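Student: For reference, the sequence and a predicted model appear below.
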Protein chains: 2
Amino acid sequence: MPRGQCRGQGWWHGKFRGCGYRITLGREAVLDVLSSCGGHLSAEDIFIKVHSKYPNVGFTTIYRTLDVLCGLGMVCKLDFGDGRARYELAEGPKGARHHHHLVCTGCNKVIDYTDFIDEEVDLLRQTEKGLEKKYNFKINDHVIQFYGLCDKCRKEGGKDAGF
Amino acid sequence: MPRGQCRGQGWWHGKFRGCGYRITLGREAVLDVLSSCGGHLSAEDIFIKVHSKYPNVGFTTIYRTLDVLCGLGMVCKLDFGDGRARYELAEGPKGARHHHHLVCTGCNKVIDYTDFIDEEVDLLRQTEKGLEKKYNFKINDHVIQFYGLCDKCRKEGGKDAGF
DNA sequence: CTCCTTATTGAAAATGGTTTCCATTACCAA
DNA sequence: TTGGTAATGGAAACCATTTTCAATAAGGAG
């Protein structure tokens, strides 16, 4: 029954087992949270949500699971410069469409934007190709982020969380 | 004699005093290191260099000074995702020209590149304007970075520092 | 279904970069 | 020179993340 399992409880079970990983409660819980809540969750956010439903799942498991999921390319680890990593489901069967991030350094709010994405991706692809050739790099990833003050923080007089 | 002091020992003294900051040994030492060594120095790198010349200057002062310098826009704090911040002199009298970063996730080597910078900056400026308008943000900064494996790490078989 | 191997787990301790505390020191305007 | 106050250093605190290790449980073999 692999066909058609792209949605449903276990769309990722096959991939998981295929890579030699076991399906466990903790892993299911983490994936549940990631797919039911919006993006940009910190490990702590995820822990709190998972823990409220499954009090036996510990912090360590959250980190370890996120690590596995990143390794499988199912989750993206994000860094908004506030000293804690954020995680979001990667694009794919249930993932969101490609986007970049606009980060408020006042309140740490993050806006996903898709405006200009096409132009950005075009330029990035072109730049990647040029850089790979010139420096003989194998480029696997890129980061584009804008930092600034959001509407609300501008009005409250540019206090700034720094970094 | 402020005129013409853009180069020389104390080109930044005026700016510093003007902002109410005092000129101290530690601050001079940090700026010396930053301008005599290339970019991408970690706080520890800077501490080691400063400390070898002025053993009385402590780690705390390095961090505090870097913080002040960032606040004045004289230094940029960089994040290459390896868990420690890097610092480099911002553009200006003695600063390097605008560039972006290509980071090897194998050995953490960082290449400054200026290729495609003009196109990138054009696109960024345009995107910034659009985002500012749409989301009523005041954008102050951006990050563009590429991650991958450098020539050497590719050959050694894609071991990856992760993050 | 049961057994067995071994991946996975939780709790607590360790780690490591960065920040804070606080009593002491030293800029620099007057 | 001096006084007020910014700046300092060393140690302790912080805090997200990782490691350790004995206990647990997933899931293939039988």
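Tutor: Perfect, I can see it now.
Student: Contact residues of chain A facing DNA strand D?
Tutor: Taking CB under 7 Å from any atom of the strand as the criterion, chain A approaches DNA strand D at residues A:17, A:22-25, A:42-44, A:59-60, A:63-64, A:67, A:83-85. All C-beta atoms are positioned from the backbone trio N, CA, C, and that covers glycine.
Student: Which two of these have the greatest separation?
Tutor: A:Arg17 and A:Gly83 (35.4 Å; CB to CB).
Student: More neighbours: which of these two?
Tutor: A count of neighbours by other CB atoms under 10 Å in any protein chain shown puts A:Arg17 above the other of A:Arg17 and A:Gly83, at 12 against 9.
Student: Now that one: closest residue in space that isn't a chain neighbour?
Tutor: Among residues not flanking A:Arg17 along the chain, A:Ile23 sits closest, at 7.0 Å (CB to CB, 6 or more residues apart in numbering or on different chains).
Student: so who does the one you found touch?
Tutor: With CB atoms under 8 Å, 6 or more residues apart in numbering or on different chains as the criterion, the residues that contact A:Ile23 are A:Gly10, A:His13, A:Phe16, A:Arg17.
Student: which SSE is it in?
Tutor: For A:Ile23, there is no helix or strand it lies in under DSSP states H and E.
Student: rewinding a little: among the residues of chain A next to DNA strand D, name the buried ones.
Tutor: A:Ser42, A:Ala43, A:Ala85 (16 or more other CB atoms under 10 Å in any protein chain shown).
Student: how is chain A carved up into domains?
Tutor: A:1-93, A:97-163 (automatic domain parsing).
Student: which residue ranges form the helices in chain A?
Tutor: Counting by DSSP state H, chain A has helices at residues A:13-18, A:25-36, A:43-53, A:59-71, A:117-135, A:151-155.
Student: The shortest one: how far from the chain's middle?
Tutor: This means helix A:151-155. Put simply, helix A:151-155 sits 26 Å off its chain's centre (CA atoms, centre = their mean, to the nearest Å).
Student: and the domains of chain A as TSV, adding mean pLDDT?
Tutor: Shown next, in TSV, are these (pLDDT from 0 to 100):
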stretch	mean pLDDT
domain A:1-93	89
domain A:97-163	88
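Student: Does the lengthiest strand in chain A pack against any helices or strands, and if so which?
Tutor: Using DSSP state E to define each element, chain A has its longest strand at strand A:138-149. Applying 3 or more CB pairs under 8 Å, 6 or more residues apart in numbering or on different chains; DSSP states H and E, we find strand A:138-149 packed against strand A:100-104, helix A:117-135, helix B:117-135, strand B:138-149.
Student: same thing but at 10 Å, please
Tutor: strand A:75-79, strand A:100-104, strand A:110-113, helix A:117-135, strand B:100-104, helix B:117-135, strand B:138-149, helix B:151-155 (3 or more CB pairs under 10 Å, 6 or more residues apart in numbering or on different chains; DSSP states H and E).
Student: the inter-axis angle of that strand versus helix A:117-135?
Tutor: Taking axes from the mean of the first three to the mean of the last three CA atoms, to 10 degrees, one finds strand A:138-149 and helix A:117-135 inclined to each other by 130 degrees.
Student: neighbouring strands for strand A:138-149, and are they parallel or not?
Tutor: With DSSP bridges as the test, strand A:138-149 is paired with strand A:100-104 (parallel), strand B:138-149 (antiparallel).
Student: quick one: buried residues of that strand?
Tutor: For strand A:138-149, by 16+ other CB under 10 Å, it's A:Lys138, A:Ile139, A:His142, A:Val143, A:Ile144, A:Gln145, A:Phe146, A:Tyr147, A:Gly148, A:Leu149.
Student: Can you lay out those residues as JSON lines showing distance to DNA strand C?
Tutor: Below are these laid out as JSON lines (distance: CB to the nearest atom of the strand, whole Å):
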{"residue": "A:Lys138", "distance to DNA strand C": "27"}
{"residue": "A:Ile139", "distance to DNA strand C": "25"}
{"residue": "A:His142", "distance to DNA strand C": "22"}
{"residue": "A:Val143", "distance to DNA strand C": "17"}
{"residue": "A:Ile144", "distance to DNA strand C": "22"}
{"residue": "A:Gln145", "distance to DNA strand C": "18"}
{"residue": "A:Phe146", "distance to DNA strand C": "22"}
{"residue": "A:Tyr147", "distance to DNA strand C": "16"}
{"residue": "A:Gly148", "distance to DNA strand C": "20"}
{"residue": "A:Leu149", "distance to DNA strand C": "19"}
